[in-house]
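S.K.: have a look at this prediction, sequence included:
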Amino acid sequence: MTGRQRIKEAFVAASRRKEAALIPFIEAGDPDLATTKELLHALSEAGADLIELGYPFSDPLADGPTIQAAAQRALKGGIRLGEVLDMVAEISSKITPPILIMGYLNPFLRFGLEAFAEKATAAGLCGTIIPDLPMEEADQWRKLAKAKGLANVLLAAPTTDQKRLAILAQKTSGFLYYVSVTGITGARKDLPPDLALKLQTAREVSPVPVAVGFGIANADQVATLAPHADGVVVGSAIVKIIAETPRTRVVEEVFSFVRTLKEATRL
Ligand SMILES: O=P(O)(O)OC[C@@H](O)[C@@H](O)c1c[nH]c2ccccc12
């Protein structure tokens, strides 16, 4: 099965169970790769339907302080893309949820887009989310990803007009990532009041599932959004637990938090 097919299946399976898909995000190498590997197992066991694995970058323009700090911790450990892919290769067939890598374009360019597509596929990665890859410049990566069956997930935001939304929905693969707020990642107390309506519009034009992310930080918010989206992404709230919990307890703390988030996806 290709990565794209695995992603599709994951959404179908969740919707058959009458749930929105839960998509937790963690940063690779925060605080080190061995912990990341254990955390990936824990996310899977806690019920994650898909997993977004961040690749750290020094200038993460879409990220708020929580994920910026996680990237700094990971970079301090001297992380390399090749070893992240090796770690994914060890784990991808042992856990259920498909893994997507979220990363900024520069490290992938340095690795070589062709080599990256090749190695990511061999490692069992299912797709990519590259926030600074503008649709207009994405052709090369789209072709490479398509040839390997990797999903290339595109982002839409509240500022995206109707016309562009329709184009994005056609060009994305795997799912469409709907950014809930104009701004950067990070836990927020309040989500925009018209978000449900915006999601409905996005779902109407999108041939693939629509997942919502940015600012979703607790089970109540997940429960509120679950009826309005095919998937819900939670990043900073999990990354914060990783930052604040002693190493000996971090895996179980993340596990139980993600479990409560997963319970909240039930429709
Ligand atoms: O952290 P939040 O607010 O829960 O948002 C999701 C997010 O972490 C994850 O999807 C993500 C992290 N960095 C990104 C950059 C662009 C798009 C998405 C992301």
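M.R.: Received the coordinates, thanks.

S.K.: which residues does the helix or strand harbouring S256 contact?
M.R.: Remark: S256 resides in helix 247-263, with elements defined by DSSP states H and E. With contact meaning Cβ atoms under 8 Å, 6 or more residues apart in numbering, helix 247-263 is reached by 19, 22, 24, 26, 31, 35, 38-39, 42-43, 45-48, 218-219, 222, 232, 234, 237-238, 241-242, 245. From N, CA and C alone the C-beta is placed, and that goes for glycine too.

S.K.: among those residues, name the ones in helices.
M.R.: 35, 38-39, 42-43, 45, 219, 222, 237-238, 241-242 (DSSP state H).

S.K.: Q170: which of these is nearest?
M.R.: V222 (28.0 Å; Cβ to Cβ).

S.K.: nearest residue to that closest one other than its sequence neighbours?
M.R.: In this structure, V222 finds its nearest non-sequential neighbour in A264, 4.0 Å apart by Cβ to Cβ, 6 or more residues apart in numbering.

S.K.: what of G149?
M.R.: T2 (2.6 Å).

S.K.: please tell me how far that neighbour sits from K37.
M.R.: Look at T2 and K37: by Cβ to Cβ, to the nearest Å, they are 24 Å apart.

S.K.: again, but for R266
M.R.: R266 is 29 Å from K37, by Cβ to Cβ.

S.K.: neighbour-wise, which of those two wins?
M.R.: Between R266 and K37, counted using other Cβ atoms under 10 Å, the more crowded position is K37 (16 against 12).

S.K.: quick one, strands of the stretch 151-267 of the chain?
M.R.: For the stretch 151-267 of the chain, strands defined by DSSP state E, counting those that start in this stretch occupy the ranges 151-156, 176-179, 210-213, 231-234.

S.K.: quick one, which of those strands gets closest to E83.
M.R.: Taking Cβ to Cβ, strand 151-156 is the member of the strands of the stretch 151-267 of the chain nearest to E83, at 22.9 Å.

S.K.: which parts of the closest one are buried?
M.R.: Residues of strand 151-156 classed as buried: 151-156 (neighbour count, 16 or more other Cβ atoms under 10 Å).

S.K.: what's the nearest residue to V84 if we skip its chain neighbours?
M.R.: Using Cβ to Cβ, 6+ apart, the nearest residue to V84 is A28, at 4.7 Å.

S.K.: give me the pLDDT for that neighbour.
M.R.: On the pLDDT scale, A28 is placed at 98.

S.K.: and it, how many neighbours?
M.R.: For A28, the count of nearby residues is 27 (other Cβ under 10 Å).

S.K.: E90 touches E38, doesn't it?
M.R.: No - counting by Cβ atoms under 8 Å, E90 does not reach E38; the two are 11.9 Å apart.

S.K.: the two: which has the busier surroundings?
M.R.: Using other Cβ under 10 Å as the criterion, E90 and E38 rank with E38 on top: 15 against 12.

S.K.: reformat the ones in helices among the contacts of helix 247-263 as JSON lines; add pLDDT and distance to A69.
M.R.: Shown next, in JSON lines, are those (pLDDT from 0 to 100; distance: Cβ to Cβ, whole Å):
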{"residue": "T35", "pLDDT": "98", "distance to A69": "15"}
{"residue": "E38", "pLDDT": "98", "distance to A69": "20"}
{"residue": "L39", "pLDDT": "98", "distance to A69": "16"}
{"residue": "A42", "pLDDT": "98", "distance to A69": "21"}
{"residue": "L43", "pLDDT": "98", "distance to A69": "20"}
{"residue": "E45", "pLDDT": "98", "distance to A69": "26"}
{"residue": "A219", "pLDDT": "98", "distance to A69": "24"}
{"residue": "V222", "pLDDT": "98", "distance to A69": "23"}
{"residue": "A237", "pLDDT": "98", "distance to A69": "14"}
{"residue": "I238", "pLDDT": "98", "distance to A69": "13"}
{"residue": "I241", "pLDDT": "98", "distance to A69": "13"}
{"residue": "I242", "pLDDT": "98", "distance to A69": "10"}
